[in-house]
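**Q** please work out how this folds:
(one chain, ligands or ions: 1)
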Amino acid sequence: MQVNLKHLGKRYNYEWIFRNLTYTFESGTSYAVLGHNGSGKSTLLTIVAGHNLASEGELIYTAAGKTVAADEAYRHLSLTAPYLELVEEFTLLEMLDFHTRFKPLRHNLTNLQLIDRMGLERSKYKSVKDFSSGMKQRLKLGLAIYSDSSMLVLDEPTTNLDHEGVAWYQEHVNLNKQDRLIIVGSNIEHEYNFCDQQLRISDYHAVPKK
Ligand SMILES: Nc1ncnc2c1ncn2[C@@H]1O[C@H](COP(=O)(O)OP(=O)(O)OP(=O)(O)O)[C@@H](O)[C@H]1O
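**A** Numbering: from 1, shown residues only. Reported below is the predicted structural model:
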């Protein structure tokens, strides 16, 4: 998967969050989108993931040399972000059954194997609503990292994770980054230190007229 941004801009009401962003996200490369709080990282990630619309410019997705329609791009990507909710009423096993009906897992992994990889084997029958915040984050990351998608968008991936959880994230993202396009929105080094490229959103902030 490749994503070309051409003169992309986003405005909320009268405030431009970024403008004139021309950039290419290539397959097989991991990118860190960096910037201070409120700089527009999540806004850019939601636009690239097709959850939000740009105010100006173009966004072109290409997979296997062919252009992918914007409304089909979701088939190629998985996303995790603090604002995305899990289905709290499901048990862990039900959550995986539901999710994998729409998004199969990579390398023919079974749902039980994924539960093992997430270190959640003791919670198979537990309702997601009774998970700790760190367990929920591991589940969100596990579903994203192990979905069979060529593009992975990770917004603030280690939110709520302790040291062990951060090490788990680093291990599994490293094991699953090859041949994929990965975009991490972050300002915490341990979340993006595996990335090959960095995009600073503040480079695309509109300069106020003097
Ligand atoms: N739906 C919205 N309507 C109006 N303004 C918004 C909306 N979503 C975000 N913004 C504004 O856009 C700017 C960028 O927000 P965004 O969440 O993209 O930043 P961020 O870099 O991800 O921040 P953080 O590091 O705190 O998560 C902020 O000023 C925010 O208030």
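**Q** show me the contacts for residue 199.
**A** By C-beta atoms under 8 Å, 6 or more residues apart in numbering, the contact set of residue 199 is 23, 31, 32, 33, 34. (Glycine included, C-beta is placed from N, CA and C.)
**Q** and which of the residues you listed is nearest to residue 184?
**A** Within the contacts of residue 199, proximity to residue 184 (C-beta to C-beta) peaks at residue 32, which comes in at 5.2 Å.
**Q** could you measure from the nearest residue to the closest one once chain neighbours are set aside over to residue 154?
**A** What sits nearest to residue 32 in space, not counting adjacent residues and going by C-beta to C-beta, 6 or more residues apart in numbering, is residue 192, at 3.6 Å. Relative to residue 154, residue 192 is positioned 9 Å away (criterion: C-beta to C-beta, to the nearest Å).
**Q** the two: who's more crowded?
**A** Between residue 192 and residue 154, residue 154 has the larger neighbour count (other C-beta atoms under 10 Å), namely 27 against 23.
**Q** would the more buried one count as being in a strand?
**A** Yes - Residue 154: assigned to a strand according to DSSP: H, G, I helix; E, B strand; the rest coil.
**Q** distance check, the residue nearest to it when sequence neighbours are not counted against residue 33.
**A** Among residues not flanking residue 154 along the chain, residue 184 sits closest, at 4.8 Å (C-beta to C-beta, 6+ apart). Between residue 184 and residue 33 the distance is 7 Å, computed by C-beta to C-beta.
**Q** same question for residue 109.
**A** In terms of C-beta to C-beta, residue 109 sits 28 Å off from residue 33.
**Q** so these two - more neighbours on which side?
**A** Between residue 109 and residue 33, counted using other C-beta under 10 Å, the more crowded position is residue 33 (28 against 16).
**Q** the residue nearest the centre of the chain: what's it in contact with?
**A** The chain has residue 153 as the residue nearest its centroid, 2.1 Å off, counting by C-alpha atoms, centre = their mean. By C-beta under 8 Å, 6+ apart, residue 153 lies in contact with 45, 48, 49, 77, 78, 79, 80, 81, 144, 182, 183, 185.
**Q** count of residues packed around residue 59?
**A** Number of residues near residue 59 (other C-beta under 10 Å) recorded here: 16.
**Q** and the next helix or strand past the helix or strand hosting it?
**A** Take DSSP states H and E as the rule and residue 59 turns out to sit in strand 56-63. Per DSSP H and E, the first helix or strand lying C-terminal to strand 56-63 is strand 66-68.
**Q** mind listing what's buried along that next one?
**A** Across strand 66-68, burial judged by 16 or more other C-beta atoms under 10 Å covers residue 68.
**Q** so what strands line up beside that strand?
**A** strand 56-63 (antiparallel) (DSSP bridges).
**Q** contacts for the partner strand, please.
**A** Contacts with strand 56-63, where a contact means C-beta under 8 Å, 6+ apart, come from 1-9, 11, 19-21, 47-48, 67-70, 73, 76, 150.
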